[in-house]
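*Asks:* predicted structure and sequence below. I'll ask about it afterward.
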Amino acid sequence: MFADWPLLSLVIWVPIVGGMMVLAAGDSGAAAARRIALGVAVVTFMLSIPLFTGFDRSTYLMQFVEQTPWISAFNINYHLGVDGFSMPLILLTTITTVLVIIAGWQVIQKRVSQYMAAFLILEGLMIGVFCSLDAILFYIFFEGMLIPMFLIIGVWGGERRVYATFKFFLYTFLGSVLMLIALIYMYSKSGSFNILELHDLKLSLGEQKLIFLAFLTGFAVKVPMWPVHTWLPDAHVEAPTGGSVILAAIMLKIGGYGFLRFSLPITPDASQAFDWLIIFMSLTAVVYIGFVAMVQKDMKKLIAYSSIAHMGFATLGMFLVFRIIANTDSMQGAALGIEGGVVQMISHGFISGALFLCVGVLYDRMHTRQIADYGGVVNTMPVFAALFVFFAMANSGLPGTSGFVGEFMVILASFKANFWFAFLAALTLILGAAYSLWMVKRVVFGDVGNDRVAALQDLNQREFLILGILAILVLLLGLWPAPLLDVMHASTEHLLQQISHSKL
Amino acid sequence: MSFAMPDLIPVMPEIAVLAMACVVLLADLFLKDEQRNVSYYLAQLTLLIGLLLTLNLANEGSRLSFGDSVINDQMATLLKSFIFIVTAIGFVYSRRYLKERGIFKGEYYVLGLFGVLGMMVMVSSYSFLTLYLGLELLSLSQYALVAFNRDSSRASEAAMKYFVLGAIASGMLLYGMSILYGMSGSLDIIEVSNYLIRELDNDVALIFGLSFVIVGLAFKLGAVPFHMWLPDVYQGAPTSVTLYVGTAPKIAAFAIVMRLLVEGLGHLHGDWQGMLIILAVLSLTVGNFIAIAQTNIKRMLAYSTISHVGFLLLGILAGTSQGYAASMFYAIVYALTAAGAFGMILLLANKDFEAEELDDFKGLGERHPWFAFLMLLLMFSMAGVPLTVGFYAKLSVLSAVVRVELYWLAIYAVLMSVVGAYYYLRVIKLMYFDKPLTNQPISQQWDMNLVLSINGLLMLVLFFLPGGLMSLCIKAINF
């Protein structure tokens, strides 16, 4: 029944229009605003389900395609479509938004309708990023989503919110304008902004290198990769819980997705020439940022650094492929790297989202994020403690959780590329466990730290619902990742074909 | 030269505006102070008549008149239409502000209309003489308008500076023109162009004349290093006048650059391209960096104007019809955006409060969410962030620059636009992240609210449907 619906347009525009409606409802009806927002988010989620069930797993071609001319002067089209990489990310977005709206139910008391509207509009824009097949359309969504996020951090954030939100905006803006020039350059060569046509555009190595670097600045800031990661801890610490969740769970994925959609297929030769750079940056993120995470005193900052380290895995998996192909002469190992990278992105979406929500739960009660202010939380909040420990375990890559699948696949792939890459990447198993579990130990276990901890209330039903759903997803993906891998298979093979074909 | 009756059809709008301006001037003599609204309505009527007459000529094709010294073509139609629209918007925004300061006088509208007439002549000029005539008519009206609040010493000072520097600029322009006249033997733009086709040896005297013309134009546009008058005039003039000076005349200035440099001296493109690159790079740099340091929003918008002039020049210096169309789009979008931004300042001002400090925007998101939202759209549009039309303005100019392979210039321009984003974001920060300083209610007036809302929402609407305006701009550049 859904086959002829413009599903992608619906999942983009239902939340945006819904957000406008919530905004119009105004602050007088805070209760109504919450309900409408939840309704819109749930409807959007429902609309995204047919994308999964109706997805044809046997083809790499774009599905659910919609195309209408938009701006003829620049040959810009309203061109949407999804493949195996983008579809899971859309589902991740719709699920996460529902959870974030529920999480903000009681916590947000200031400008409720604006808060809810900002998240809904942000959702639509982020989905737009994942399904745009026109480069300018992609760029518009990519930039446009900075506006709601800028306001979310700035209005509902913590003490240093202004500094953090400016840094966030300007960093990402700076990264993406260079990408815009690269896109315009390719347009001047090909006369088209169609991403699929750009995949086939012939480019010399020199051109490819410059375009690759332009994309790299845009996406590396977004991922964020070491050394352009410094905006992330600030943004995370100052953002309200919901903002942190969206940032970690979805926005960071847009950088990784950009590498898959733009850098690798459009500039395969430059990607090969520069793969050492990405691998170096990724491994640095994994090892160095892992150590940095360990010494954090602020829980949110710790999780933010752990996000950078985990996203390092995703980019590592994607850019190992050239060495694997060169070493083993087979596509199998290379596919493992890319699929591992994507699984890592999805899994990190759930886990980091859950961890930020856990910190949010504590922060709402104690109004502090300092690890030192806690201790012995398990005595007063046993249910919460169980979930928190579970997510921390997942974060450190415990087998059976989704965190294990992606990391394992990437480490396996890196063995085929170079032993030392694998060695360094595998350090994360130790480091991840160290910073995650040490934090948990200091916060959750031990004797009750102080009177305020003693007075803590355990999770209410609403909080339990959110964290419970995430726990189920983390387990499900950890024990049975096959559905996700099936979806990606055809697209991965196609991508590998594209990148193993030199454009020169 | 024959003394046959010139073809008056192409100049019907100019004749109508001139006649009506005189009517306003006369009618105003017989009006009592409480009837002053009549002048206002007559002025708006004039603009409407001008607009209708201009649109009526839209399908006439190119038509020359007055011995080839005036032209009416698609570019003239398009630019004049927007001059009328933007001026009318400005008049709506200014009425309450003028009334509250006791300077709600008929002369304001008479001078405004004569300025409009000057702009129309500039847009339609096809000879050095008419061009200069239009420019002077506009400039003189503006000098007087800036000093309109004669009790304000700041305004008088600004007017004085504007007058002196403007006179120097006019002199430069005139000197350059006279050299070109001496070389080519004609004042007609078409003749100068033909002369350059015949004599394509880069004569030093030609370049000499060209340099002076460019200096004159740069003065009028406010490009660095000829921008000194602009911040003082923007800050010193009454806000309603700043709005007038900062919007429609930019469109007219774009038009004379097109007529002079492109249509007249197009064959010297190789020579003026380098000069414009210098002007553009300096304007982008100085405008964006100095704007950061401002605390007065009018002054900040003045520096922002300078940086936008830099962008405008980028499209022109590309030297392709795509670039000219891009610059035209940029000029129109900028005029509309700036009108909205100054309109917001006028909205917040009241009888004894100017609302011209950045801090006066603090907490607007709480005081009046709707207007804050409109200002947000206007600011993001100026910054060129997507979901607002400013993005396409930047995109089209940049793509013109990339097409002529000036990559470094495109990269420099986008880096400067990141710098620019900072001070636009600061306005949004003040509106949404800070607490309001006062809780004074914002005076509401239905006409202003309506026009301002349309003006702000236009940034969104034109973002989703930019095709119409873009293709109009492309059609207007047909040579």
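*Replies:* Arrived safely.
*Asks:* tell me the phi and psi of the closest residue to residue A:195 other than its chain neighbours?
*Replies:* If the residues on either side of it in the chain are set aside, residue A:195 comes closest to residue A:133, at 5.1 Å by Cβ to Cβ, 6 or more residues apart in numbering or on different chains. Quick note: C-beta positions are derived from backbone N, CA and C, even for glycine. Backbone torsions of residue A:133, given as degrees, to the nearest 10, read phi -110, psi 10.
*Asks:* residue A:133 and residue A:82 touch, don't they?
*Replies:* No. Contact criterion Cβ atoms under 8 Å: residue A:133 and residue A:82 do not qualify, at 9.1 Å.
*Asks:* what sits in contact with each of these two?
*Replies:* Residues touching both residue A:133 and residue A:82 (Cβ atoms under 8 Å, 6 or more residues apart in numbering or on different chains) are residue A:62.
*Asks:* over to the residue of the stretch 401-504 of chain A found nearest chain B: give its phi and psi.
*Replies:* Going by Cβ to the nearest Cβ, chain B is nearest to residue A:503 of the stretch 401-504 of chain A, at 20.2 Å. Residue A:503 adopts backbone torsions of phi -90, psi 0, taken as degrees, to the nearest 10.
*Asks:* got it, and residue A:455?
*Replies:* phi -90, psi 10.
*Asks:* swap in residue A:79?
*Replies:* Main-chain torsions, residue A:79, degrees, to the nearest 10: phi -120, psi 110.
*Asks:* now do it against residue A:187, distance only.
*Replies:* 14 Å (Cβ to Cβ, to the nearest Å).
*Asks:* and the strands in chain A, which stretches?
*Replies:* In chain A, the segments counted as strands under DSSP state E are A:63-71, A:76-82.
*Asks:* ok, the last one near chain B or not?
*Replies:* No. Between strand A:76-82 and chain B, judged by Cβ under 8 Å from any Cβ of the partner chain, nothing touches; the nearest distance is 9.2 Å.
*Asks:* packing partners for that strand?
*Replies:* In this structure, strand A:76-82 makes packing contacts with helix A:7-25, strand A:63-71, helix A:112-131, helix A:135-144, judged by 3 or more Cβ pairs under 8 Å, 6 or more residues apart in numbering or on different chains; DSSP states H and E.
*Asks:* may I see the ones you listed organised as a markdown table, with mean pLDDT, mean neighbour count and distance to residue B:322 added?
*Replies:* Below are the helices and strands packed on strand A:76-82 laid out as a markdown table (pLDDT from 0 to 100; neighbours: other Cβ atoms under 10 Å in any protein chain shown; distance: least, Cβ to Cβ, whole Å):
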| stretch | mean pLDDT | mean neighbour count | distance to residue B:322 |
| --- | --- | --- | --- |
| helix A:7-25 | 87 | 21 | 31 |
| strand A:63-71 | 86 | 16 | 14 |
| helix A:112-131 | 90 | 27 | 28 |
| helix A:135-144 | 92 | 24 | 16 |
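*Asks:* for residue A:405, find the nearest of these.
*Replies:* helix A:112-131 (21.2 Å; Cβ to Cβ).
*Asks:* mind telling me which residue of the stretch 251-400 of chain A is nearest chain B?
*Replies:* residue A:254 (14.5 Å).
*Asks:* just give me the residue closest to the centre of chain B.
*Replies:* Against the mean C-alpha coordinate of chain B, by Cα atoms, centre = their mean, the closest residue is residue B:250 at 1.8 Å.
*Asks:* from the contact counts, what lies against the host helix or strand of it?
*Replies:* Following DSSP states H and E, one finds residue B:250 within helix B:248-257. Taking 3+ Cβ pairs under 8 Å, 6+ apart as contact, the helices and strands that helix B:248-257 lies on are helix B:74-100, helix B:106-124, helix B:128-146, helix B:204-221, helix B:297-318, helix B:321-348.
*Asks:* after the longest one, next one along is what?
*Replies:* Put plainly, it is helix B:321-348. Past helix B:321-348, the next helix or strand by DSSP H and E is helix B:364-367.
*Asks:* check what pLDDT residue A:3 gets.
*Replies:* At residue A:3, the model reports a pLDDT of 63.
*Asks:* what about residue 358, how many residues nearby?
*Replies:* Just going to use chain A. 28 (other Cβ atoms under 10 Å in any protein chain shown).
*Asks:* you answered for a different chain; I wanted chain B.
*Replies:* Residues near residue B:358, counting by other Cβ under 10 Å: 18.
*Asks:* just residue A:419 next, same as before
*Replies:* 10.
*Asks:* so which elements touch the helix or strand bottoming out on mean pLDDT in chain A?
*Replies:* Lowest on mean pLDDT, DSSP states H and E among the helices and strands of chain A sits helix A:451-454, with a mean of 79. On a contact count with 3+ Cβ pairs under 8 Å, 6+ apart, helix A:451-454 meets helix A:377-380.
*Asks:* residues making contact with the helix it packs on?
*Replies:* Applying Cβ under 8 Å, 6+ apart, the set of residues contacting helix A:377-380 is A:362, A:384-385, A:388, A:443-445, A:447-448, A:453-458.
*Asks:* again, only using 7 Å
*Replies:* Helix A:377-380 has contacts (Cβ atoms under 7 Å, 6 or more residues apart in numbering or on different chains) with A:385, A:443, A:444, A:445, A:448, A:453, A:454, A:456.
*Asks:* got a quick ChimeraX command for the buried subset of those residues?
*Replies:* The following ChimeraX line selects those of the contacts of helix A:377-380 that are buried, judged by 16 or more other Cβ atoms under 10 Å in any protein chain shown:
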select /A:385,443,444,448,453,456
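*Asks:* using a markdown table, please lay out the contacts of helix A:377-380 together with distance to residue A:477.
*Replies:* Converted to a markdown table, the contacts of helix A:377-380 look like this (distance: Cβ to Cβ, whole Å):
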| residue | distance to residue A:477 |
| --- | --- |
| A:385 | 23 |
| A:443 | 25 |
| A:444 | 24 |
| A:445 | 27 |
| A:448 | 35 |
| A:453 | 33 |
| A:454 | 36 |
| A:456 | 30 |
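*Asks:* mind showing which ranges of the stretch 151-300 of chain B have poor pLDDT?
*Replies:* B:200-202 (pLDDT under 70).
*Asks:* which parts of it are helices?
*Replies:* Along the stretch 151-300 of chain B, the stretches classed as helices by DSSP state H, counting those that start in this stretch are B:153-184, B:189-198, B:204-221, B:229-236, B:239-246, B:248-257, B:269-292, B:297-318.
*Asks:* figure out which of those is closest to residue B:94.
*Replies:* Among the helices of the stretch 151-300 of chain B, helix B:239-246 sits nearest to residue B:94 (Cβ to Cβ), with 3.3 Å.
*Asks:* and the angle from that closest one to helix B:153-184?
*Replies:* Counting by axes from the mean of the first three to the mean of the last three Cα atoms, to 10 degrees, helix B:239-246 lies at 10 degrees to helix B:153-184.
*Asks:* for the closest residue to chain A within the stretch 151-300 of chain B, give me its contacts.
*Replies:* Going by Cβ to the nearest Cβ, chain A is nearest to residue B:292 of the stretch 151-300 of chain B, at 11.9 Å. Listed by Cβ under 7 Å, 6+ apart, the contact set of residue B:292 reads B:422, B:423.
*Asks:* can you rerun that using 8 Å?
*Replies:* Here residue B:292 is in contact with B:419, B:422, B:423 (Cβ under 8 Å, 6+ apart).
*Asks:* do the same with residue B:62
*Replies:* B:71, B:72, B:73, B:74.
*Asks:* residues of the stretch 251-400 of chain B that sit close to chain A?
*Replies:* Close to chain A, as judged by Cβ under 8 Å from any Cβ, the stretch 251-400 of chain B has residues B:365, B:369, B:380, B:385, B:386, B:387, B:391, B:392, B:395, B:396, B:398, B:399.
*Asks:* hmm, which two among the residues you listed are most spread apart?
*Replies:* B:369 and B:399 (35.8 Å).
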